[in-house]
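> After the sequence you'll find the predicted model.
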Amino acid sequence: MALTTTIIERISMGHYSHLSIEEREDIMVWWKNHESISQIARKLGRNKSSISREIKRNGWTIIGVAHLCYRASTAQRKTDVRRQACKKRTLLDDPSLRARIVFLICSRHFSPEQIAGRLHLELSYAPVSCSTIYRAIHSEN
């Protein structure tokens, strides 16, 4: 097994780590060879509930096939999409709001306080605070 050092590091560190693409490839091969979840978990040095959850979350069924199908690349892609959805959004992720703020700063020479107040008046709610605008400006530099 190629992941022996990874397993030893994970056990000695005593904390959870996400499944790697290599582990997903191993799961794919062993699952296709009809090995049990317990066997796969033992080989990877993982809890069997982690393996079961991984296969259920990222696998799929085909009509007429009793066994869940699992592919490492598909599982990794699904995981990446879910992780991206969990990331905290930033002020400047909205292109129209970003363009409006940049215009007000560069063309009209508004301060972040003025921008926050103006957006509140224009939109009838406060989409951003002046401190958020300051943080966005400083993170761009």
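Looks like it came in fine. Since the structure is predicted, the reported quantities are computational estimates derived from the model, not experimental observations.
> Please report the distance of the residue of the chain most remote from its centre from R83.
For the chain, the C-alpha farthest from the mean C-alpha position belongs to R108; by CA atoms, centre = their mean, that distance is 37.7 Å. Between R108 and R83 the distance, using CB to CB, to the nearest Å, works out to 38 Å. C-betas here are computed from N, CA, C, even on glycine.
> re the thing from before, SS state for the residue farthest from the centre of the chain?
Reduced to three states with DSSP: H, G, I helix; E, B strand; the rest coil, the structure at R108 is coil.
> what's the answer for the one 5 residues further on, then?
Three-state assignment for E113 (three-state DSSP): helix.
> List the buried residues for the one helix or strand S49 maps to?
Mapping S49 onto the secondary structure by DSSP states H and E places it in helix 48-58. By neighbour count with 16 or more other CB atoms under 10 Å, helix 48-58 contains the buried residues 50-51, 54-55, 58.
> Over to stretch 98-105?
With burial defined by 16+ other CB under 10 Å, the residues of stretch 98-105 counted as buried are 100-101, 104-105.
> what do you get for stretch 19-36?
19, 23-28, 30-31.
> Now that we're looking at I63, what pLDDT does it have?
At I63, the model reports a pLDDT of 88.
> what's the distance between it and P127?
Separation of I63 from P127 (CB to CB) stands at 46 Å.
> who's more crowded, these two?
Neighbours of I63 and P127, each counted by other CB atoms under 10 Å, are more numerous for P127; the result is 15 against 4.
> for the residue nearest in space to the middle of the chain, what are its contacts?
By CA atoms, centre = their mean, the mean C-alpha position of the chain lies nearest to R83, the distance being 1.1 Å. The contact partners of R83, by CB atoms under 8 Å, 6 or more residues apart in numbering, come to none.
> what do you get if the cut-off is 10 Å, keeping everything else the same?
Neighbouring residues of R83 by CB atoms under 10 Å, 6 or more residues apart in numbering: H18.
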